[in-house]
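Q: return atomic coordinates for the entry below.
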Amino acid sequence: MTSHNDQPSPMTFTAAPALSGSVAVPGDKSISHRSLMLSALAVGESRVEGLLEGEDVLATAAAMRAMGADIQRDDDGIWHIHGVGVGGLLQPQEALDMGNSGTSTRLLMGLVASHGITATFVGDASLSKRPMARVTEPLSRVGASFTASPGDRLPLTMTGACPAVPLDYTLPVASAQVKSAILLAGLNTPGITRVVEPIPTRDHSERMLKGFGADLEVEVQADGTRIITLKGEAELKPQNIVVPGDPSSAAFPMVAALLVPGSQVTIANVGLNATRAGLIDLLREMGGSIEIINAREVGGEPVGDLVVTASALNGVEPDPARAPSMIDEYPVAFVAAAFAHGRSIFRGLDELRVKESDRIATMATGLRAIGVTVEEMEDGIIIEGSGGQPLPGGGPIATRLDHRIAMSFAVAGLVSRDGVTIDDMRPVATSFPTFTTLLQTLGAIA
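A: A predicted model of the protein is given here:
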């Protein structure tokens, strides 16, 4: 939601001295969205601590309020949610404004699909370009009906089915959002909803559904295929949730600490769910020094503190099968590759074409603008590293209203000769409102 102020907010990030200190990143976005939605469907009061208070998650909170949940934040930053019960969602009186949040949109469509209500979804210019067919197609099979803008885009009005038809669905592409939408629809659907996932994606929905008391089972076959079954007409019990730090947000100070010479940074309380930790594995393979200390489990999710020390990185060619575990981290991984010794080849990234922007094209254009040799492919990118040398810099970089593009080039600016100018930093508020403050805390000068 970047509409509060229509003027772009450009910013230049310049070469930084060694970064040091300990910081915490905002709460995990995926877990924050789901904690609000499932709390709103439980009967009784749930408490959520560490919720990401970025614009995307606040859009989810506003939507759940509009459908009947009582959601309050106290002065200590703890959120209290009194739910309406599965099946209890009310007809929203106005369109649900999703801002820039694709996760909110697709998951809420799943919730509405099995309730007898009609909801209209609207979003900002970036979200309104993103196709919704991958969710509307399976949700049509449960009985929901849709009236969408051309190309299955927002604005979109849907009417749920009650009772809905249970779905047995094999995911055609790896998508945690599609999986989650179908499972959320299954909560208020009589019978068994079954999702077959040939390539595993982030599993926060399954973990949290179980935590709230849903009858859900996950069977992993020999080839890695996951079969998720959910018994419908669930009764969810309220929970106390502590949201770990978002690994996708931790990616930016992590890469900055690896690249800025002499740096050592501790990032506290980071979620280390294996379905999300692909970037840590990749950076370690490139030669990055990332130590996990104080590993623990909080609310069913693995958590730890990361100690990151500046390192010489080498080019890499990761297995495309790894893509779902770091799909949001590729833009900043491309920045790491730009400073590595040798060539990096990233493939299997078709999904990046339909994120907040076409992230392959947008990153390729921006990297060229700051002095990187790049070759764009249909499903990926080839990057020639600088061998650890600072890049010239430049800009303003066209970020296409994409928060992760903006933050990735901000990190590149910290290891540039002349600085990197970002055309608009406003979208960063969707996921990481404290981003520039955090960099300044570590010693960077923005």
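Q: assign residue 33 to helix, strand or coil.
A: Put simply, residue 33 is helix when judged by DSSP: H, G, I helix; E, B strand; the rest coil.
Q: I figured residue 265 hits residue 308, correct?
A: Yes - with contacts counted by Cβ atoms under 8 Å, residue 265 reaches residue 308, the gap being 5.1 Å. Just so you know, the C-beta spots here come from the backbone N, C-alpha and C atoms, and that holds for glycine as well.
Q: what's the overlap in contacts for the two?
A: Both residue 265 and residue 308 are in contact with 253, 254, 257, where contact means Cβ atoms under 8 Å, 6 or more residues apart in numbering.
Q: can you pull out the strands in the stretch 201-350 of the chain?
A: Using DSSP state E, counting those that start in this stretch, the strands of the stretch 201-350 of the chain run over residues 216-220, 226-231, 240-242, 264-271, 289-298, 301-309, 343-346.
Q: any chance of those in a markdown table, plus mean neighbour count, distance to residue 281 and mean pLDDT?
A: Converted to a markdown table, these look like this (neighbours: other Cβ atoms under 10 Å; distance: least, Cβ to Cβ, whole Å; pLDDT from 0 to 100):
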| stretch | mean neighbour count | distance to residue 281 | mean pLDDT |
| --- | --- | --- | --- |
| strand 216-220 | 14 | 20 | 98 |
| strand 226-231 | 19 | 20 | 98 |
| strand 240-242 | 19 | 25 | 94 |
| strand 264-271 | 21 | 14 | 97 |
| strand 289-298 | 13 | 9 | 95 |
| strand 301-309 | 20 | 13 | 96 |
| strand 343-346 | 20 | 14 | 98 |
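Q: out of those strands, flag the one nearest residue 74.
A: Minimum separation from residue 74 across the strands of the stretch 201-350 of the chain (Cβ to Cβ) falls at strand 240-242, 13.8 Å.
Q: show me what that closest one is packed up against.
A: helix 29-41, strand 45-49 (3 or more Cβ pairs under 8 Å, 6 or more residues apart in numbering; DSSP states H and E).
Q: try it again at 7 Å.
A: In terms of contacts (3 or more Cβ pairs under 7 Å, 6 or more residues apart in numbering; DSSP states H and E), strand 240-242 is packed against strand 45-49.
Q: give me the low-pLDDT residue ranges for the protein?
A: Scanning the chain for pLDDT under 70 picks out 1-5, 446.
Q: in it, which spans are helices?
A: Secondary structure of the chain by DSSP state H: the helices cover 29-41, 55-66, 102-113, 133-141, 176-186, 204-211, 247-259, 278-285, 330-338, 359-369, 403-413, 435-442.
Q: what does the fifth one rub up against?
A: This points to helix 176-186. Residues outside helix 176-186 that contact it (Cβ atoms under 7 Å, 6 or more residues apart in numbering): 37, 102-103, 106-107, 109-111, 113-114, 134-135, 138-139, 142, 164, 166-167, 169, 171, 193, 195, 197, 201-202, 205, 209, 228, 230, 232.
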